[in-house]
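Novice: Structure for this input, please:
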Amino acid sequence: MAWKKTGNKFYNQKTKVKGRVFDSRREARRYQELLILQQAGEIRDLECQVSFPLIPSQKYKDPVSGHWKTERGVRYVADFVYTTKDGERVVEDVKGVRTKEYIIKRKLVLWLCGIHIREV
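Specialist: Alright, predicted model coming up:
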């Protein structure tokens, strides 16, 4: 029996807003809300897909082959980062499903960077 791939396992649909492609309709809708808040002067410096390095890449010598190999680093990519009119920097993630990987990265961002991620 052959399985037919139906798309993303969380059923998200890529959505385009103002020339920018988002991973879900929910994320695109939040972007539109943030644009309105920025135009109203409630927030400023809105950025999308901001990367936070958590663990750098590691080089090691493979004990079997003797060749040098690289283990990729780990990073967290926030959906949005902006500053409120009170000067608070907000790191925001639009969540439908809180995966185990996300929860670990959220905790690493708090521990390493001192940043609490606002979930929407």
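Novice: As a check, name the ranges of all strands in the chain.
Specialist: 15-17, 20-22, 43-55, 58-61, 68-71, 74-84, 89-93, 117-119 (DSSP state E).
Novice: The second one pairs with which strands?
Specialist: In its sheet, strand 20-22 lies beside strand 15-17 (antiparallel), with partners assigned from DSSP bridges.
Novice: got the contact list for stretch 26-40?
Specialist: 12, 15-18, 20, 22, 43-44, 46, 48, 79-80, 82, 92, 94, 96, 120 (C-beta atoms under 8 Å, 6 or more residues apart in numbering). Glycine gets a C-beta too; all of them are placed from N, C-alpha and C.
Novice: 10 Å instead?
Specialist: For stretch 26-40, the external contacting residues (C-beta atoms under 10 Å, 6 or more residues apart in numbering) are 12-18, 20-22, 24, 42-46, 48, 79-80, 82-85, 90, 92-96, 120.
Novice: Now the lowest-mean-pLDDT helix or strand in the chain: buried residues?
Specialist: Least confident helix or strand, the chain: strand 15-17 with a mean of 88, by mean pLDDT, DSSP states H and E. Residues of strand 15-17 classed as buried: T15 (neighbour count, 16 or more other C-beta atoms under 10 Å).
Novice: Same check on stretch 49-67?
Specialist: Neighbour count says stretch 49-67 has F52, L54 buried, by 16+ other C-beta under 10 Å.
Novice: Could you list the low-pLDDT ranges of this structure?
Specialist: The model of the chain has pLDDT under 70 over residues 1-11.
Novice: rerun that using 80 as the cut-off
Specialist: 1-12 (pLDDT under 80).
Novice: mind checking the end-to-end distance for stretch 91-105?
Specialist: 13 Å (C-alpha to C-alpha, to the nearest Å).
Novice: Give me the residues contacting that stretch.
Specialist: Stretch 91-105 is contacted by residues 9-12, 22-31, 34, 46-47, 50, 52, 54, 74-82, 106, 109, 113, 115-120 when judged by C-beta under 10 Å, 6+ apart.
Novice: how about a cut-off of 8 Å?
Specialist: With C-beta under 8 Å, 6+ apart as the test, stretch 91-105 has contacts from 10, 12, 24, 26-27, 30, 50, 52, 54, 74, 76, 78-82, 106, 109, 115-120.
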